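sequence first, then the predicted structure:
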Amino acid sequence: MKKNKNNWKQDPDNWVWGLFYYNPEDKRIFPPKRIKEFGWTINFANPNSVFLCVVLILVLMILSESIK
């Protein structure tokens with residue numbers, strides 16, 4: 001299974017415009033980026049990760065408004 005996960009991140013078909021990771025087979029919310037040293041990315045095919053990203057953006061917006 002680990003070998004498949006490593007192959008998924010290298011497969012260009014799993015990257016939209018080379019920037020956004022989209023792989024419905026991969027259930028991870030935060031898979032590693034193509035270059036491991038650059039950290040993690042969001043799997044936009046996983047609805048949980050999209051929800052988490054939206055919640056995070058909303059929290060940051062609310063915090064930025066409350067600081068003003």
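Structure's in. What do you need?

identify the residue spatially nearest to the spatially most central residue of the chain, adjacent ones excluded.
Nearest to the mean C-alpha position of the chain, by C-alpha atoms, centre = their mean, lies I42 at 0.5 Å. Once flanking residues are discounted, I42 sits nearest to S49: 4.8 Å by C-beta to C-beta, 6 or more residues apart in numbering. (Glycine included, C-beta is placed from N, CA and C.)

tell me the spacing between that neighbour and L56.
Separation of S49 from L56 (C-beta to C-beta, to the nearest Å): 10 Å.

the two: which is more packed in?
For S49 and L56, the more surrounded residue by other C-beta atoms under 10 Å is S49, and the numbers stand at 19 against 11.

N43 is in contact with that one, correct?
Yes. When contacts are counted by C-beta atoms under 8 Å, S49 is listed as touching N43 (5.1 Å).

which residues are in contact with each of those two?
I29, F30 (C-beta atoms under 8 Å, 6 or more residues apart in numbering).

would you put the C-alpha positions of the top helix by length along the chain in CSV?
Assignment by DSSP state H gives helix 47-67 as the longest helix of the chain. Taking Å, rounded to 0.1, in the frame of the first residue of the first chain, the C-alpha atoms of helix 47-67 are listed here in CSV:
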residue,chain,number,x,y,z
PRO,A,47,-14.5,15.9,1.0
ASN,A,48,-13.2,16.0,4.6
SER,A,49,-10.1,17.9,3.5
VAL,A,50,-12.1,20.4,1.5
PHE,A,51,-14.4,21.0,4.6
LEU,A,52,-11.4,21.3,6.8
CYS,A,53,-9.8,23.9,4.5
VAL,A,54,-13.0,25.9,4.3
VAL,A,55,-13.4,25.9,8.1
LEU,A,56,-9.7,27.0,8.5
ILE,A,57,-10.2,29.9,6.1
LEU,A,58,-13.4,31.0,7.9
VAL,A,59,-11.7,30.9,11.3
LEU,A,60,-8.8,32.9,9.9
MET,A,61,-11.2,35.5,8.5
ILE,A,62,-13.1,35.8,11.7
LEU,A,63,-9.9,36.2,13.7
SER,A,64,-8.6,38.8,11.3
GLU,A,65,-11.8,40.8,11.7
SER,A,66,-11.8,40.5,15.5
ILE,A,67,-8.2,41.9,15.6
